[in-house]
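> Predicted structure and sequence below. I'll ask about it afterward.
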Amino acid sequence: MGVLAGMYALAAYCFFLCTVGYTAGFVGNLSLLPKTVDNGTAGPLAEAISVNLALLTLFAVQHSVMARRGFKRWWTQWLPESVERATFVLAASAALALLMWQWRPIAEPSLWSVQDPIARWVLTIAFWVGWAVVVTSTYLIDHFELFGLRQPWIALRGGAVAEPTFRTPLLYRHVRHPIYLGFVIAFWATPRMTVGHALFAAGFTVYILVGIWFEERDLITQFGQRYVAYRRQTGMLFPRLDRRRRDGKPVS
């Protein structure tokens with residue numbers, strides 16, 4: 001069972017890497033991809049908006065519900081705890097893959113189109129910096145636990161997953177959610193913002209803000225006043241330069 005759990009978690013992780021890698025190209029409109037946020041078969045405007053909103057909602061509901069502590073307690077009555085996180089990662093990756101597969105491009109009109117070469121380079125660099133912030137932030141906490149690989153390995157060795165500790169490494173000293181900050185930068189930094197791209201970016205931004213609200217409720221329940229103080233002293237997505245900070249970032 002332990003070996004199978006490890007293989008399952010590794011397969012889920014590989015699917016996640018492929019999905020997130022494609023997402024970067026999808027949002028960045030890389031020409032080598034068969035479909036991106038702005039390139040693909042377009043349909044009627046009303047249909048495109050309706051389908052895209054439904055896809056965004058499906059991803060948001062799946063991700064938010066399965067990430068809640070109450071849901072985790074409920075479904076680990078039947079699902080081994082060692083693969084709970086990997087299953088969440090697999091489901092989230094599947095929802096994201098479905099979104100990109102069924103996305104309806106709305107390439108016209110453009111909300112903005114930057115023509116200056118230097119400005120275009122600045123926005124392109126900001127796009128990749130956003131993705132770099134996402135990846136770096138996962139390693140600042142525990143990348144392999146966050147994506148479900150560590151849990152089956154510990155179970156295979158007969159151990160137990162340690163309770164999350166409250167700490168604030170590097171970026172977490174300045175903002176509470178640097179992973180989400182990286183996504184916001186990556187989704188909005190583009191030389192050409194179409195209606196479809198804006199719908200994608202806005203939908204995920206709203207989801208991020210709602211998700212943070214739910215996540216921080218769980219973190220306050222788990223860490224109490226220590227997290228309340230951390231939230232008061234540290235910006236949610238942007239630094240509060242006039243506030244003193246203290247250690248203590250949990251891994252949710």
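Great, that's in hand.
> ok, now how distant is Thr205 from Lys35?
Distance of Thr205 to Lys35, computed by C-beta to C-beta, to the nearest Å: 22 Å. Where C-beta positions appear, they are placed from N, C-alpha and C, glycine not excepted.
> again with Ala48
Ala48 sits at a distance of 14 Å from Lys35 (criterion: C-beta to C-beta).
> Quick check: Phe26 vs Asn39, distance?
On the measure of C-beta to C-beta, Phe26 and Asn39 end up 9 Å apart.
> which one of those two has more residues nearby?
Phe26 (22 against 16; other C-beta atoms under 10 Å).
> any idea how far Val135 is from that one?
From Phe26 to Val135 the distance is 17 Å (C-beta to C-beta).
> same for whichever helix in the chain runs longest, what does it pack against?
For the chain, the longest helix by residue count, based on DSSP state H, is helix 195-223. Helix 195-223 sits against helix 45-67, helix 69-75, strand 110-113, helix 178-188, helix 225-233, with contacts defined as 3 or more C-beta pairs under 8 Å, 6 or more residues apart in numbering; DSSP states H and E.
> Where does pLDDT dip in the chain?
Regions of the chain meeting the criterion pLDDT under 70 cover residues 1, 241-252.
> Show me what counts as buried in stretch 13-24.
Buried residues in stretch 13-24, defined by neighbour count with 16 or more other C-beta atoms under 10 Å: Tyr13, Phe16, Thr19, Val20, Tyr22, Thr23, Ala24.
> so of those, which ones are in helices?
Checking the buried residues of stretch 13-24 against DSSP H, those in helices are Tyr13, Phe16, Thr19, Val20, Tyr22, Thr23, Ala24.
> And the third one, how far from Met100?
Distance of Thr19 to Met100, given as C-beta to C-beta: 8 Å.
> repeat for the fourth one
Applying C-beta to C-beta, the value for Val20 to Met100 is 11 Å.
> do the same with Thr168
Taken as C-beta to C-beta, the span from Thr168 to Met100 is 33 Å.
> Thr41 now?
Distance from Thr41 to Met100, by C-beta to C-beta: 13 Å.
> Compare the two and say which one has the larger neighbour count.
Between Thr41 and Met100, counted using other C-beta under 10 Å, Met100 has the larger neighbour count: 20 against 7.
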